[in-house]
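# My questions are about this predicted structure, shown below with the sequence.
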Amino acid sequence: MEVKLHDIGEGMTEAVVLTYLVQKGDYVKADQPLVEVQTDKMVAEIPAPAEGIVQDILVREGETIAVGTTILTLQTSAVVQPNPASSSNAAESFRLPSANEETGGSVLTKNIRRVLATPYTRKIAREHGVNLEQIAGTGPGGRITDEDVYRFIEAKQTKSASSAAALEAAPKKENSSASATSVLPFCGRRKQIAKKMAQSLYTIPHCTHFEEVDVTELIRFREELKQHDIHISATAFFIKALSLSLKQFPIFNARLDEEREEIHLYAEHHIGIAVDTEDGLIVPVIRHVERKSLREIHEEAKQLTKRAQENKLSVSEITGSTFTISNVGPLGGSIGATPIINYPEVALMAFHKTKKRPMVMENDEIAVRSMMNISMSFDHRVADGATAVAFTNYFVRLIENPKRMLMELV
Amino acid sequence: MVVGELAQERDVVIIGGGPGGYSAAIRAAQLGLSVTLIEEGELGGVCLNKGCIPSKVFAHAAQKMADIPHLKDIGIDLENTGFQLGKLQNYKAKIITQLRQGVEALCKANRIEILRGHASFLAEDRIGVEAGDAFEVYRFRHAIIAVGASHVSPPTVSVDHERILNVDSIYSLETLPGHLLVYGNDYIALEAAMSFHAFGSQVSVISDDGTFGLDDTIAKELQRIWKKRKIKLYTRCQIERAESSLDCVAVTIRTAEGETATLEGSHLFVSCEKKANTNGLGIERLGMKTDENGFIQVNRQAQTSLSHIYAIGDVTGAPFLAVKAIKQGKAAAEAIAGQLVEVDLTFLPTVVHSIPPIASAGLTETEARRQYGAVRIGEFPLAGNGYASILGQKDGVIKVISDAATDVLLGVHIIGAGAVELISSGVLGLEMAAREEDFRFPFYPHPSGNEALLEAIEALRAQAIHLAPAKQGKKEDHTKGVTI
């Protein structure tokens, strides 16, 4: 029997094989975890669909494989399957082994592998890809409580993180682990972020410049719209203005292919929005901003942010961006930053906190204006500072006079 | 057949509008998916049109007939208490129409597109719908197969729907059978036997095992009731031959010991095996996995071997119960909408609308002993329940089984008035992993049949109030050294 990587949820398409929990020749029981895999969101165990003997391990640890790839093969003969209930494959493991199926299935012979957990707790486990049979319940009478499930997930993450760390620092293992007072798991999304950031910073010569934007008019315009009961977030305006600017400066909506010595410019503006969640940074993508109205952008950004916070984004919703923004203003603080580009994109723009400041106006009078700083990082291999400044200038003009955007209506 | 190149695009296509199919359709619509439901016959499927609902109309009428002697006891004299089968048929037709219209209205209110015709898969993402001369092709992202199963007569019996009947024909009879022979091992056989007996037919039951898949205590009580009512039971028998003539049926049975006997009756009812309705559906073309009997294999999300196609209900094999189809239908719709769902049939309740009704969930005593070794048994006969006495329905018993090591409830089995309603308490407790105290602690309405469940729980520890000490806790002897 072939044990394949199946879709564990949220539309995953591939996963990295982390650690094998069994060896060739091992006897395994049905549902015994065989291998740990990591998707872009979580670490999950793949259980044995039936009992048998591990015949062959086909994928090496560390390899990335697509859903449907055979990871290992199990030898499941009638000899090693005394229990007919677990002899069928995973796809049908829930079917009741009715001895009387030929007589119309009148008799339900149940072979319960009873898990002492309420349906609510079972749902939590399901949503975290946890097999309840591996958890020892601490509740009354050995019941598995919500806390048991959460503790198990945490322990598993710590375990896989520390085993990975142990592999890398094997010779000095005793010295380093002795002084650590607490250990945080470095896996799942945290590890994914680390990998991407390092790749970007090691590859791209980053250049960041800062600019300040007078958003007083934008605030006024949004107030006006509110009176018509139209609510459009500032972010939606930024995204729209950005898309209009990218139309003028397509070099920032591009990808460098060094091998083929080509720069690919994209006509589609798929804008990634950096969202902070409990599990760390994630970047959902609004597709085809160049074709979308402010209202559509606003709605979509809102939905994606919500889904991000609920951890419900699918892989297709977090891939394929051509330019990324990071709106750190609402988080408070921060007057500037040197953001790391979302590789392999060419540029990224961060929006900082808006503050009221005294500004000298064109008639040399001082007025109180709402000012926002922006930081723009770009790939200096692809563009130069002058182009980047021209780009932000264009963007600033649109934001400072939001009605100019009307001129770009198609 | 002309295959148009212009396929219409659909989100979710559901094939079959039985209880599973329409539940899936409504749930999918609730989750914002655009849904197309394809039905060849009538909405509601076998359950509504031929199975559950018609048989329950009969069971309801039968219960009323059975109540008549009791009505006299409490001073209600009905002058003419004859039974007119024709009127019941009209009532059945009215109920079916009413329920079917309800389903149609709900589908409409949920903006579900209903297509009439026969569906067959053309490719992994294409389905054709044939209605008369018209043939339309639809392209779908997800599909749910809910085509159900059909009856197959046992090899030794050929159903003619005149004298030899199955569930498709017995509830359409225009005249009452004089002597009904019932052959089967399931709830369908039980319901047919009990209903027609209550209407006045003489009834004899032929069964392979005589336990009907019930817990031994429940089966024993059922046999006691049958004996009292003069329903003859031939157990461990199989039909060798059945021949119908103009006015009777002759059935030759063979016992386990190899002896043969011939029974004569006016009609024979056989509870059939089932066969998946996958003929002409085109799933072979897709390489969809089926089991050796042709039922589609699905996982706990009701997903087939093709991950974007789901299958629910009878077409996925035993148990052939609408309650399973409904649950799988909802789960499939939710899975398509991206939710993480699971169908777990462990505590699927089985109910029999017989007289008295039977309901059970979880393990039988035999199963519990095999899996857990030491178990506690609590039994409470309804004769000890005050409210059952008032109702004049003292037949029946409630049995509960718990794990002696952990007190966790393992099974609840009820035969007696109110069993079908009362089993919900049992199912809920079993799903919540309830222990004896969780059942013992709450208040139970007084006076009511609910109290019998409490007393069965209390009987686990020989503490039922309305039961003599000698009659409870005696099964403790079998719990292998566990003391209480």
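On my side now, so go ahead. Treat the numbers as computed from the prediction; the structure is a model and nothing was measured.
# Please count neighbours and contacts with C-alpha atoms only from this point.
OK.
# Next one, pLDDT for B:Leu348 please.
Note for B:Leu348: predicted pLDDT of 95.
# Correction: the previous question concerned B:Ala61.
For B:Ala61, the model assigns a pLDDT of 95.
# So, low pLDDT: which residues of chain A?
For chain A, the stretches with pLDDT under 70 are A:8-12, A:40-43, A:77-113, A:161-182, A:185, A:187-188, A:333.
# And it, what are its domain boundaries?
A:1-82, A:109-169, A:189-408 (automatic domain parsing).
# Could you do chain B as well?
Under the assignment named as automatic domain parsing, the residue ranges that make up the domains of chain B are B:8-52+B:88-151+B:275-336, B:154-271, B:356-479.
# can you redo those as TSV with mean neighbour count, mean pLDDT and distance to chain A?
Output for those, formatted as TSV (neighbours: other CA atoms under 10 Å in any protein chain shown; pLDDT from 0 to 100; distance: least, CA to the nearest CA, whole Å):
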stretch	mean neighbour count	mean pLDDT	distance to chain A
domain B:8-52+B:88-151+B:275-336	20	95	4
domain B:154-271	19	92	4
domain B:356-479	20	92	4
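# Present these as CSV; the columns should include distance to A:Asp214.
Output for these, formatted as CSV (distance: least, CA to CA, whole Å):
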stretch, distance to A:Asp214
domain B:8-52+B:88-151+B:275-336, 42
domain B:154-271, 77
domain B:356-479, 59
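# I'd like to know which of the ones you listed lies nearest to A:Glu408.
A:Glu408 lies closest, by CA to CA, to one member of these: domain B:8-52+B:88-151+B:275-336, at 34.0 Å.
# what kind of secondary structure is B:His142 in?
Three-state assignment for B:His142 (DSSP: H, G, I helix; E, B strand; the rest coil): strand.
# residues touching it, list them.
Neighbour list for B:His142: B:11-13, B:125, B:308-310, B:336 [criterion: CA atoms under 8 Å, 6 or more residues apart in numbering or on different chains].
# what does A:Glu211 give?
By CA under 8 Å, 6+ apart, the neighbours of A:Glu211 are A:373-375, A:392.
# and the residues you listed as JSON lines, adding secondary structure?
Listed next are those as JSON lines, based on three-state DSSP:
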{"residue": "A:Asn373", "secondary structure": "strand"}
{"residue": "A:Ile374", "secondary structure": "strand"}
{"residue": "A:Ser375", "secondary structure": "strand"}
{"residue": "A:Thr392", "secondary structure": "helix"}
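# As a check, name the ranges of all strands in the stretch 301-450 of chain B.
B:309-311, B:350-352, B:358-362, B:375-381, B:396-403, B:409-416 (DSSP state E, counting those that start in this stretch).
# and if you look at the stretch 101-250 of chain B?
B:113-116, B:118-123, B:126-131, B:134-145, B:149-152, B:164-165, B:179-183, B:202-206, B:232-234, B:237-244, B:249-255.
# Ok, the stretch 151-300 of chain A next?
Secondary structure of the stretch 151-300 of chain A (DSSP E, counting those that start in this stretch): strands located at A:206-214, A:254-257, A:262-265, A:271-273, A:275-277, A:280-282, A:285-286.
# The ones you listed: which one's closest to A:Glu127?
Ranking these by proximity to A:Glu127 (CA to CA) places strand A:275-277 first, at 17.6 Å.
# Not counting the closest one itself, show me its contacts.
With CA under 8 Å, 6+ apart, strand A:275-277 has contacts from A:281-284, A:305, A:308-309, A:326.
# Nearest to chain B among those residues?
Comparing the contacts of strand A:275-277 against chain B with CA to the nearest CA places A:Ala308 closest, at 14.6 Å.
# The helix or strand where that closest one lies and chain B, are they touching?
In this structure, A:Ala308 sits in helix A:294-309 according to DSSP states H and E. No: on the criterion CA under 8 Å from any CA of the partner chain, helix A:294-309 is out of touch with chain B, staying 12.3 Å away.
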